[in-house]
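>>> Structure of the sequence below:
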Amino acid sequence: MHQHYFCGTCGMQTWGESPDWSSLYNDDGTPKGDDPKAIPATRKQAINLRLVDDLDWSRIEVTQLDGRIGW
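Numbering: from 1, shown residues only. Below you'll find the predicted structure:
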């Protein structure tokens with residue numbers, strides 16, 4: 001289940017949390033187990049960086065993901 005968290009004052013989304021689906025796969029994209037209905041036990045968090053004052057966007061390193069390989 002995905003969860004979204006919002007500022008009680010302005011209503012902006014501050015961060016979110018979701019299952020870490022990548023934890024079910026090996027680096028080459030093959031499944032780690034045999035259960036096609038497996039649900040990850042670990043979770044990922046994402047922070048809304050647009051809310052950080054004076055953030056130098058030129059220093060943010062972006063890693064492109066292909067959705068399957070190279071998590």
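
>>> Pull the contacting residues for residue 33.
Under the criterion of Cβ atoms under 8 Å, 6 or more residues apart in numbering, the neighbours of residue 33 are residue 24. All C-beta atoms are positioned from the backbone trio N, CA, C, and that covers glycine.

>>> What distance do you get for it to residue 15?
Residue 33 sits 29 Å away from residue 15 when distances are taken as Cβ to Cβ, to the nearest Å.

>>> need the contact list for residue 1.
With contact taken as Cβ under 8 Å, 6+ apart, residue 1 is in contact with 18, 19.

>>> let me fix that: residue 26
residue 32.

>>> swap in residue 36?
Applying Cβ under 8 Å, 6+ apart to residue 36 gives no contacts.

>>> how far away is it from residue 45?
With distances taken as Cβ to Cβ, residue 36 is found 26 Å from residue 45.

>>> pLDDT below threshold where in the protein?
Of all residues in the chain, those with pLDDT under 70 make up the ranges 67-71.

>>> element containing residue 38?
Following DSSP states H and E, there is no helix or strand that holds residue 38.

>>> And what about the closest residue in space to residue 49 that isn't next to it in sequence, helix, strand or coil?
On the basis of Cβ to Cβ, 6 or more residues apart in numbering, the spatially nearest residue to residue 49 that is not a chain neighbour turns out to be residue 55, at 6.0 Å. In three-state terms, and counting by DSSP: H, G, I helix; E, B strand; the rest coil, residue 55 is coil.

>>> before we move on, what about residue 4?
Recorded secondary structure, residue 4: strand (three-state DSSP).

>>> Dig out what it forms beta bridges with.
Partner residues in beta bridges with residue 4, using DSSP bridges, are residue 16.

>>> Point me to the residue sitting farthest from the middle of the chain.
Outermost residue of the chain with respect to the C-alpha centroid, by Cα atoms, centre = their mean, is residue 9; its distance is 24.7 Å.
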